[in-house]
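Enquirer: quick one: sequence and predicted model below, then my questions.
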Amino acid sequence: MSEPIIVCQDVHKWYGHFHALRGVSMEVQKGEVIVIFGPSGSGKSTFIRTINRLEEHQQGTIVVDGIELSHDVRNIAAIRREVGMVFQQFNLFPHLTVMQNITLGPIQVRKWDKKKAEQIAMELLTRVGIPEQAQKYPGQLSGGQQQRVAIARALAMQPKIMLFDEPTSALDPEMIKEVLDVMTELAKSGMTILAVTHEMGFARAVADRMVFFDAGNIIESGPPQQIFSNPQEERTKLFLSQILSH
Amino acid sequence: MTTSASSRSDVLPPPSERYTLLGWFRKNLFGSWLDALLTLIALAFAVAILVPTVRWATTSARWEVIPNNVELFMFGSYPRDQVWRLWLCLWLLALVTGMLWGVYVRRRSFMSLFLIALPVLGMLFTFASGVWVHYAAMIVAGLAGWALARWRPRLMSSVALVGTLLFFPLVILIIRGFSEESFLPGVATNLWGGLMLSLLISVVGIVFSFPFGVLLALGRQSNLPAVRTLSILYIEIIRGVPLITLLFMGQVMLNFFLPSGIVVDRVIRAMVAVVMFAAAYLAENVRGGLQAIPKGQYEAADAVGLSGFHKMTFIILPQALRAVIPVLVGQFIGLFKDTTLVALVGLLDLLGIARGVLANPAWIGTQLEVYLFLAFIYWIFSYAMSYASRRLEVALGVGER
């Protein structure tokens, strides 16, 4: 086995009195594709958002790519450079063109010159299938196209890890596939991926491991075939039967 | 299901509404008995007001009070042999505006509009002899700037930008001058007056309160308790005090606080008071814009790895400021009109000059004429700002994306 790129130990998080994460421990290997699922409010989004410090954890340790997340701003900045994130609501910058959305990070954070950044942005746009939209504004694109731009924006920083926070939940059904295709291609290219999603087809096809969250902790994890055909825990069974039956 | 022929026949043109003049009257003014009644009442009301007004304006009004004092109204007691310096500022304004026009607007039709607007603006400044030379010079300067910008757009866009930034300090230098025996002899600020002083105080207020107000708004949202507390204290204290109080404080009380021997110019004290006042209100308006930015924008900027400074300058402020353009321009219009308050602390702005003119025995009883003239001038500038803000909103696409 290769060395773990993310190590979480006993991670706790409270919102006021609400105990959102209750001692989550998890290791992620380089190149692993992990699908996190579970009922809403179970802490799965909160968990992946602690990995790039969009949420602060209050107990336990998180080490990403050998750097420990602490209050040290330099550590946070270093980790954010290596971790790309895709949001449920896309969160593209509406006042910038697609091209500017993608190149802003590389130019300002990676300090690349504009020409190099734009060249790489075009390659990424071609990879996600919308090179012709480079000069448009996000508001002029469909939801699926916006989410693909968001993926390109995250990839432009050349991250080692990609986090997906319910990337298809805000999309019309016909657009889900175009986003999942891009994610599948990314997974097969060897990227380390943590995805919170309920797209079970995607999980079955590309996940190395599935992690079931409930009530702020990991209930069960394992390879997809085991989770789908032989879940160990009653709660996993119940949840899967509910989302797979409709 | 649908063939192209049938789908084509499904697409109908929108119903057209065409009226004759008479038809329009019948529909909009005399649609029902009540409408007709209201129309007639309104008409009678308008006639009752307009007829005496027009009769007064054309027969008994003593409009000569305006042209006879126009230099006072425009620049107060500024030395008459130095007035060319004010014109120089207007030429420069024309040149810079022409350049900006050439760089950013490009359209020729707008340029001609500008050339018509310029002499109208100039006409406000003086009716004295020889002004046509200056109008001509302004038009030439404007055209030259526009032509330069069209000739070398790349180079001139940076020149125009530097020109815009330098324009205001340069204007102050030209108006203020240096020592007595230099090329530009100094003109003390107590000689500044009229529309010139009103415009200077307003422009200083707008230009300086803007960055100050944005910083205060950011300070109020800061995570650092000291910065946040100070910002809140400043904003709430200033907002709790009327502008006139600040002006009086500046004029009367400032001297008690400063060490003896240091004298701050009265005009500058008024300017500082206006800037301080405007900044506090501007900060609250900008804060409104900041709070309208969805949390996701902050998170996306963080996730991309932008630093706090980059996040603000590239992501948050551009969106926040664009959202509050109408409010900010509204505030600037209010600020422009609020500068009349400096007349109450003895500065001779447009209103101060008007009060001086009305105190002159030769012009007793011309209040109506003088104040109508003032109202007209304030309306022109306020409307121009409002129009410019609407153009700016369209250009920046507020609400479009």
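Expert: Yep, it's here. Predicted model only: the values in this text are computed from it and were never measured.
Enquirer: what about chain A, any weak spots by pLDDT?
Expert: Scanning chain A with the threshold set as pLDDT under 70 gives A:1-2, A:246.
Enquirer: OK, contacts around B:Ala375?
Expert: Taking Cβ atoms under 8 Å, 6 or more residues apart in numbering or on different chains, we find B:Ala375 in contact with no residue. No exception for glycine: its C-beta is placed from N, CA and C like everyone else's.
Enquirer: hey, which helix is longest across the chain?
Expert: The chain I'm using is chain A. The residue-count maximum for a helix in chain A (DSSP state H) belongs to helix A:173-188.
Enquirer: my bad, chain B
Expert: What stands out as the longest helix in chain B, according to DSSP H, is helix B:367-396.
Enquirer: sec struct for whichever residue of the stretch 1-150 of chain B sits closest to chain A, please.
Expert: Of all residues in the stretch 1-150 of chain B, B:Tyr104 sits closest to chain A, with a separation of 17.5 Å (Cβ to the nearest Cβ). Using DSSP: H, G, I helix; E, B strand; the rest coil, the secondary structure recorded for B:Tyr104 is helix.
Enquirer: can you name the residues of chain A that neighbour chain B?
Expert: If contact is defined as Cβ under 8 Å from any Cβ of the partner chain, the residues of chain A in contact with chain B are A:52-54, A:77, A:80-81, A:83-85, A:87, A:89, A:91-95, A:104-105, A:108-109, A:137-140, A:153-154, A:157.
Enquirer: helix, strand, or coil at A:Leu104?
Expert: Using three-state DSSP, the three-state assignment for A:Leu104 comes out as helix.
Enquirer: show me the contacts for it.
Expert: When the contact criterion is Cβ under 8 Å, 6+ apart, the partners of A:Leu104 are A:Phe93, A:Leu96, B:Val304, B:Leu306, B:Phe314.
Enquirer: from A:Glu55, how far off is it?
Expert: A:Leu104 sits 23 Å away from A:Glu55, taking Cβ to Cβ, to the nearest Å as the criterion.
Enquirer: and the pLDDT for the residue of the stretch 1-150 of chain B closest to chain A?
Expert: Per-residue confidence for B:Tyr104 comes out at a pLDDT of 73.
Enquirer: and for it, the neighbour number?
Expert: Counted with other Cβ atoms under 10 Å in any protein chain shown, the burial measure for B:Tyr104 works out to 11 neighbours.
Enquirer: and for B:Thr164?
Expert: Other residues near B:Thr164 number 13, with proximity taken as other Cβ under 10 Å.
Enquirer: ranges for the strands of the chain?
Expert: By default, I'm working from chain A. Defined through DSSP state E, the strands belonging to chain A, from first to last, are A:4-15, A:18-29, A:33-37, A:59-64, A:67-68, A:83-86, A:161-165, A:192-196, A:209-214, A:217-222.
Enquirer: go through these and name the closest to A:Glu234.
Expert: The closest approach between A:Glu234 and any of those, judged by Cβ to Cβ, belongs to strand A:217-222 at 9.4 Å.
Enquirer: mind listing what's buried in that closest one?
Expert: Within strand A:217-222, the residues that count as buried by 16 or more other Cβ atoms under 10 Å in any protein chain shown are A:Asn217, A:Ile218, A:Ile219, A:Glu220, A:Ser221, A:Gly222.
Enquirer: average model confidence for stretch B:66-76?
Expert: The average of the pLDDT scores along stretch B:66-76 is 86.
Enquirer: could you tell me the end-to-end distance of that stretch?
Expert: With Cα to Cα, to the nearest Å as the measure, the ends of stretch B:66-76 fall 13 Å from one another.
Enquirer: so what touches that stretch?
Expert: Residues outside stretch B:66-76 that contact it (Cβ under 8 Å, 6+ apart): B:80, B:83, B:86, B:124-128, B:191-197, B:348, B:350, B:353-354, B:356-357, B:363, B:369-370, B:373.
Enquirer: list the buried ones in that stretch?
Expert: Using 16+ other Cβ under 10 Å as the burial criterion, the residues of stretch B:66-76 that qualify are B:Ile66, B:Asn69, B:Val70, B:Glu71, B:Leu72, B:Phe73, B:Met74, B:Phe75, B:Gly76.
Enquirer: distance from stretch A:87-102 to the middle of the chain?
Expert: When C-alpha coordinates are averaged (Cα atoms, centre = their mean, to the nearest Å), stretch A:87-102 and its chain have centres 16 Å apart.
Enquirer: nope, stretch B:232-245 is what I was after
Expert: Relative to the centre of its chain, stretch B:232-245 is centred 23 Å away, using Cα atoms, centre = their mean.
Enquirer: that one: end-to-end distance?
Expert: From its first residue to its last, stretch B:232-245 covers 20 Å (Cα to Cα).
Enquirer: what's next to that stretch, contact-wise?
Expert: Here stretch B:232-245 has contacts from B:216, B:220, B:246, B:273-274, B:276-277, B:279-281, B:283-284, B:338, B:341, B:344-345, using Cβ under 8 Å, 6+ apart.
Enquirer: count of residues packed around residue 55?
Expert: In the absence of a named chain, chain A is used. The burial metric for A:Glu55, expressed as a neighbour count using other Cβ under 10 Å, is 18.
Enquirer: try again with chain B
Expert: Neighbour number of B:Arg55 under other Cβ under 10 Å is 11.
Enquirer: which pLDDT does the model give it?
Expert: Confidence per residue is given as pLDDT, and for B:Arg55 that number is 93.
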